[in-house]
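Enquirer: Only the shape, not the letters, is given here:
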């Protein structure tokens with residue numbers, strides 16, 4: 001590099017990079033830009049998890065690393081498992097039955113676990129987490145160019161994850177019309193189809209008056225109602241967590257365990273694990 005040229009390259013541990021290049025030589029500048037474009041074209045954006053953030057008056061995407069976990073079917077009823085598998089299949093399909101999936105249920109029922117499992121079960125995908133307060137920004141002029149710049153090399157769909165998305169799911173009025181319009185345009189508008197956008201939204205509301213346009217056939221993939229576990233399902237999960245710990249030798253031992261620790265009414269998933277911890281269970285990964 002000649003004395004009139006200054007170049008610095010930084011590459012972080014998560015494969016993000018930054019270039020600093022100063023020169024008065026136009027030929028060298030053009031060469032540098034060609035190298036930069038080649039470097040960017042070889043970056044693989046698939047499978048990454050980003051979060052949309054606001055920097056002043058502009059939007060940006062920040063990498064949050066790996067957040068996926070293995071799906072545990074013992075945490076759910078057969079209906080939830082079946083619906084979850086349907087969502088996974090639809091997210092992987094080039095011709096989905098709809099581009100919006102909704103996970104609904106009371107707090108502690110396991111919706112976040114399902115969303116984290118999606119990160120593992122849908123490969124070749126870019127996931128973007130959208131905070132509730134920024135949903136309406138998805139309809140603004142900044143979002144689409146930002147989305148294209150980060151996902152142009154993606155091999156699979158781009159999945160927007162909207163947690164606590166009540167505002168853009170309920171019937172539209174003057175307070176949420178922008179959020180709903182953004183959701184509808186991104187789900188099956190021209191932009192949504194060309195960029196292959198999919199949307200996964202969660203809500204804690206037990207009773208919600210959904211916007212009819214969201215539930216329309218061809219737009220909605222699946223509503224997954226994550227309900228309470230029945231007493232039988234909760235006891236089966238608790239037994240599974242402790243079966244190796246107690247190493248039951250007989251049915252009598254198991255019956256004594258059930259008598260002392262079993263649930264007798266429907267319960268949320270979080271409470272099953274809370275009780276397990278009190279009894280001495282610890283997860284493999286905390």
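Expert: Happy to help now that I have it. Given the structure is predicted, the values throughout are model-derived calculations rather than measurements.

Enquirer: residue ranges for the helices of the stretch 1-150 of the chain, please.
Expert: Listed in chain order, the helices of the stretch 1-150 of the chain (DSSP state H, counting those that start in this stretch) span 26-41, 78-92, 111-121, 143-151.

Enquirer: Highest mean neighbour count across those, which stretch is it?
Expert: By mean neighbour count, with neighbours taken as mean count of other C-beta atoms under 10 Å, helix 111-121 ranks first of these at a mean of 19. C-beta coordinates here come from the backbone N, C-alpha and C atoms, glycine included.

Enquirer: Any idea how many residues pack against residue 136?
Expert: 18 (other C-beta atoms under 10 Å).

Enquirer: pLDDT score assigned to it?
Expert: For residue 136, the model assigns a pLDDT of 73.

Enquirer: got a list of contacts for stretch 229-236?
Expert: 74-77, 237, 258, 262-269, 272 (C-beta atoms under 8 Å, 6 or more residues apart in numbering).

Enquirer: So, low pLDDT: which residues of the stretch 101-250 of the chain?
Expert: 153, 174-176, 189, 206, 244-248 (pLDDT under 70).

Enquirer: now the strands for this protein?
Expert: 6-11, 17-22, 49-55, 58-63, 100-104, 126-130, 158-162, 197-203, 220-225 (DSSP state E).

Enquirer: now the fourth one: how far from the chain's centre is it?
Expert: Put simply, strand 58-63 sits 16 Å off its chain's centre (C-alpha atoms, centre = their mean, to the nearest Å).

Enquirer: which outside residues touch it?
Expert: 14, 16, 48-54, 128, 134, 137, 140, 142-143, 146, 150.

Enquirer: Export the helices of the stretch 1-150 of the chain as CSV, with columns for distance to residue 193.
Expert: Putting those into CSV (distance: least, C-beta to C-beta, whole Å) gives the following:
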stretch, distance to residue 193
helix 26-41, 24
helix 78-92, 15
helix 111-121, 21
helix 143-151, 13
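
Enquirer: Those: which one's closest to residue 277?
Expert: helix 111-121 (15.8 Å; C-beta to C-beta).

Enquirer: who's in contact with that closest one?
Expert: So helix 111-121 is contacted by 49, 66-72, 75-76, 80, 84, 87-88, 91, 103-105, 127, 159, 161, 163, 200, 202, 204, 224, 226, 269 (C-beta under 8 Å, 6+ apart).

Enquirer: Let me know the angle separating it from strand 158-162.
Expert: 170 degrees (axes from the mean of the first three to the mean of the last three C-alpha atoms, to 10 degrees).

Enquirer: check contacts around the closest residue in space to residue 138 that isn't next to it in sequence.
Expert: In this structure, residue 138 finds its nearest non-sequential neighbour in residue 182, 4.1 Å apart by C-beta to C-beta, 6 or more residues apart in numbering. When contacts are counted by C-beta under 8 Å, 6+ apart, residue 182 is found next to 135-139, 168.

Enquirer: Determine which two of those are furthest apart.
Expert: 137 and 168 (11.6 Å).
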